[in-house]
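A.B. asks: Structure, please.
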Amino acid sequence: MENSMQRYFHWGALASLAALIVLCVLWEMVLAPLHAGGSWVVLKAVPLLIPLYGVYKRDIYTLQWTSMMILLYFTEGVVRGYSDKGTLSAWLGWSEALIVVVYFVCAVMYLRPYKKAARKLARELLAKVNPAK
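C.D. replies: Numbers count the residues shown, from 1 in each chain. Here you go, the predicted structure:
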């Protein structure tokens, strides 16, 4: 069922998820940590490691729930982008938000044909169960 565009969307989702993990770790440990020498905020990258294998394996369920979970990182990026004005941390916040948008779009576009097929199947089953409609 997978076409060539879906392959690109899958790799886009996987690459942006990996980039987000790297960005979170570098941001909180090296580039602009809240405290000198790094901070415990680096643990925000841990929840991103959980779906990494599922996204790699093209698991539809994983891509579905991560497309919602990742929006928390979008929120953090926008908040820190606005609140840390004129600092490296603000630029990192906007970068985080951008990476999340890339992931979200890639995940949704990858899942789109599966959702269409599921709706079609549901309509067919409903027609079999209730032939009057």
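A.B. asks: C-alpha from now on. contacts and neighbour counts both.
C.D. replies: Noted.
A.B. asks: Residue 117 is in what secondary structure piece?
C.D. replies: Using DSSP states H and E, residue 117 maps to helix 88-129.
A.B. asks: Now do that helix: which elements does it pack against?
C.D. replies: Helix 88-129 sits against helix 4-26, helix 60-69, helix 71-83, with contacts defined as 3 or more Cα pairs under 8 Å, 6 or more residues apart in numbering; DSSP states H and E.
A.B. asks: Please repeat the previous calculation with a cut-off of 6 Å.
C.D. replies: In terms of contacts (3 or more Cα pairs under 6 Å, 6 or more residues apart in numbering; DSSP states H and E), helix 88-129 is packed against helix 4-26, helix 71-83.
A.B. asks: what packs against the last one?
C.D. replies: In this case it means helix 71-83. The elements that helix 71-83 packs onto, with contact taken as 3+ Cα pairs under 6 Å, 6+ apart, are helix 88-129.
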